[in-house]
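Q: with the input below, show me the fold.
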Amino acid sequence: REYDRLFLEKNLRISQTPAPAALILGQSTEFGMWRITLMSVHAPVVEYKSVHNFFVDCSKIYGKLFVRSRLPGDKIHLAGHNSGSSLKKLMIDRKIPRPARQDWPVIADEYGVVAVAEFGVDARVAIDTDSRELFFIQIEKC
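A: Here you go, the predicted model:
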């Protein structure tokens, strides 16, 4: 059962959660059915709203960037919103099917969540008027 739908399958598909993977500058990284590309750009940029393309301030990143599945207790304070929320709650609110949630790409650094596909970037790493060196993260379904 998936919200208001019922699925009957002859063979059960058992999907495994993709392993965390480092994001390497200038390269694409496969994560389940997703492809994440990390590029470096210099400010100023024309920021545009997209659910799969994010700019983050390099100076606000702790350690290396990597992609992983969501973990229990993961939270994100989306840039432009008043408060944070758990990824679990956001995924339920947006009606992301339970089997898809384990494969959903979460971009993180050593401090925590940086960005989530189809949700946005965390306010902690969002660009501002002082941002000079930026990462451009592109997330697309394969």
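Q: low-confidence ranges in the chain?
A: 9-15, 44-49 (pLDDT under 70).
Q: 50 instead, please
A: Scanning the chain for pLDDT under 50 picks out nothing.
Q: what ranges do the helices span in it?
A: 87-93, 98-101 (DSSP state H).
Q: report the buried residues of the first one.
A: Read it as helix 87-93. By neighbour count with 16 or more other CB atoms under 10 Å, helix 87-93 contains the buried residues 87, 90, 91. Any C-beta I mention is one placed from the backbone N, CA and C, and that applies to glycine too.
Q: other residues contacting it?
A: For helix 87-93, the surrounding residues in contact (CB atoms under 8 Å, 6 or more residues apart in numbering) are 70, 72, 74, 75, 76, 101, 104, 106, 113, 116, 119.
Q: contacting residues around residue 58?
A: Residue 58 touches 40, 133, 134, 135, counting by CB under 8 Å, 6+ apart.
Q: out of those residues, which end up buried?
A: The buried subset of the contacts of residue 58 (16+ other CB under 10 Å) comprises 134, 135.
Q: strands - which of the contacts of residue 58 land there?
A: With strands taken from DSSP state E, the overlap with the contacts of residue 58 comprises 40, 133, 134, 135.
Q: would you turn these into CSV with distance to residue 142?
A: Output for those, formatted as CSV (distance: CB to CB, whole Å):
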residue, distance to residue 142
40, 23
133, 29
134, 25
135, 21
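Q: show me which pair in the residues you listed is furthest apart.
A: 133 and 135 (8.1 Å; CB to CB).
Q: so who does the spatially most central residue of the chain touch?
A: The structure's the chain has its C-alpha centroid closest to residue 116; by CA atoms, centre = their mean the separation is 2.2 Å. By CB under 8 Å, 6+ apart, residue 116 lies in contact with 70, 76, 87, 90, 104, 105, 106, 107.
Q: quick check: neighbours shared by residue 133 and residue 135?
A: Joint contacts of residue 133 and residue 135 (CB under 8 Å, 6+ apart) are 40, 58.
Q: show me what contacts residue 34?
A: Residue 34 neighbours (CB under 8 Å, 6+ apart): 67, 103, 105, 117, 139, 140, 141, 142.
Q: kind regards, and thank you for your time.
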